[in-house]
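Engineer: Here you go, sequence then predicted model.
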Amino acid sequence: MVNAVLKNSLFVILLFVGSTLWAQKKSDQLQAEQNKLEKKLSTTKSLLDKVKKGTESSLNELKLIENQVKNRELLVRNFDNQIRSAELTISSKGEQIKELESRLIRLKEQYKKLLIYAYKHRNKSAKMMFVFSSSNYFEAVKRTSYLKRLSEIQQKQFKVILQNEKTIHKEISTIKKEKEHKKVLLDEKIVEKKEIEKDKTNKQLALEKLRKDENSLLSDLKEQERQKSELKRRIKLAIEKEIADAEAKARKEAEKKAALASKTTTTSTTPSKTTTTTAPSKEVVFTDTKENIALGKSFESNRGKLPWPVAKGSITENYGKNAHPTLPNVFTNNNGVDIGAPKNAQVRVVFDGEVTSVLNIPGAGKVIIVKHGTYRTVYSNLQEVYVSVGEKVSSKQSIGSLLADEEGNLSTSHFEIHQVVEGNVQRINPSLWLAQ
């Protein structure tokens, strides 16, 4: 009976330790999410401070404020989750402490009985008399084993009592920490809610200023859409030309091999005649090199983990259809993502590859296309370019610097991803590939 209680007590302690570890893991995940959001907020705030140095409100300012509001709301939600988690931990720990204290009382009661028994049979002669008074040898062996087992149980009982007391103190300490953590989160939540209201007020002011010049906005929008169409056309032509050049090169190499093979003949010599047999021509099949296939697979395996094309930035326009921030029922279509970044920020390649094109497009600045197996990454709106066609580049290597926006306080990095599938060029949503 005593042994069963000991085993049960040890199981309960292990169960409590397991639940504590699970709660800690959940808490760590929420903390990591909080750190990411706070980093995003810090970057956006830094960019906003630079924008506000200008005299006029801009679409960039409006988009950054929207990002700020969204990230603050996510942070408040994260605080709510952490507070809820802390409350559950406090409640759970309270129940666990009650259970442990109850078990501790029972263990001490049993231990008390064992001590009383041990005290009554404390001298060696009493133990010897208990053994020697056995009716036969087998009973004497059993009594000796019983005394030995009793001593072991005593020691185990004492250890379990200490473990229970230690666990209780640890759980009480955890509750205190969770309560302190909860208080800090509540205070931070209040601060963030106030900041959200400030950001919303700033957003409204910027919106009102921009709406005063709606005609200018529409004119700018038409010009931007024209530039986007031209960028799209030039990128498509550049990738198609690169594919055609690669195929032409492969064809030439195949023709060379065929010409060499045709010189190798099977000749049968007779007194009157020499017969020459030429190998039949075969259709040339173009395949990518093993190196490029491996690079493409490696690129694929990094989906969702690629570094951003700028070290610091905030996405100001997502891939695909986007509602205009000020003009009602007006939408823009983005073939990649736009990232607001510090003025003239360095642009870096997101993965190992080879530069296949360097273009100069009016309105889009200079453009770099990098090949990663069957994938292509595109970096536009560049002022300077540090690489040339055919150059091998490595992940996070600086390949150029950005043009300054019209307001002159920020720069915008336009980034696209394409895939070549059976000779066709397909656009891909970069947001799914960049690390979040």
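Structural biologist: Noted; the coordinates are in hand. Residues are numbered from 1 along each chain as shown.
Engineer: Just grab the bridge partners of residue 418 for me.
Structural biologist: Note on residue 418: beta-bridge partners residue 376, residue 427, judged by DSSP bridges.
Engineer: For it, give its distance to residue 356.
Structural biologist: Separation of residue 418 from residue 356 (CB to CB, to the nearest Å): 11 Å. No exception for glycine: its C-beta is placed from N, CA and C like everyone else's.
Engineer: Kindly report the same for residue 217.
Structural biologist: 36 Å.
Engineer: Ok, residue 69 next?
Structural biologist: Going from residue 69 to residue 356 by CB to CB gives 40 Å.
Engineer: count of neighbours near the closest residue to residue 303 other than its chain neighbours?
Structural biologist: What sits nearest to residue 303 in space, not counting adjacent residues and going by CB to CB, 6 or more residues apart in numbering, is residue 433, at 5.3 Å. Using other CB atoms under 10 Å, residue 433 has 21 other residues around it.
Engineer: how about residue 433, what does it touch?
Structural biologist: 302-304, 306, 350, 417 (CB atoms under 8 Å, 6 or more residues apart in numbering).
Engineer: Tell me the spacing between it and residue 403.
Structural biologist: With distances taken as CB to CB, residue 433 is found 24 Å from residue 403.
Engineer: Please name every helix or strand in contact with the lengthiest helix in the chain.
Structural biologist: Counting residues, the longest helix found in the chain (DSSP state H) is helix 137-211. On a contact count with 3 or more CB pairs under 8 Å, 6 or more residues apart in numbering; DSSP states H and E, helix 137-211 meets helix 2-51, helix 59-120, helix 124-132.
Engineer: please redo it, this time with the cut-off set to 10 Å
Structural biologist: helix 2-51, helix 59-120, helix 124-132, helix 214-263 (3 or more CB pairs under 10 Å, 6 or more residues apart in numbering; DSSP states H and E).
Engineer: how about those in CSV, adding mean neighbour count, distance to residue 391 and mean pLDDT?
Structural biologist: CSV is the format used below for these (neighbours: other CB atoms under 10 Å; distance: least, CB to CB, whole Å; pLDDT from 0 to 100):
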stretch, mean neighbour count, distance to residue 391, mean pLDDT
helix 2-51, 15, 30, 67
helix 59-120, 17, 32, 77
helix 124-132, 11, 89, 55
helix 214-263, 13, 14, 82
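Engineer: how about TSV for those, with distance to residue 367 added?
Structural biologist: What follows is the helices and strands packed on helix 137-211, written out as TSV (distance: least, CB to CB, whole Å):
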stretch	distance to residue 367
helix 2-51	23
helix 59-120	21
helix 124-132	94
helix 214-263	7
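Engineer: Now do the same contact list for the nearest residue to residue 188 once chain neighbours are set aside.
Structural biologist: Nearest in space to residue 188, with sequence neighbours left out and distances taken as CB to CB, 6+ apart, is residue 79 at 6.1 Å. Neighbouring residues of residue 79 by CB atoms under 10 Å, 6 or more residues apart in numbering: 30, 34, 37, 182, 184-193.
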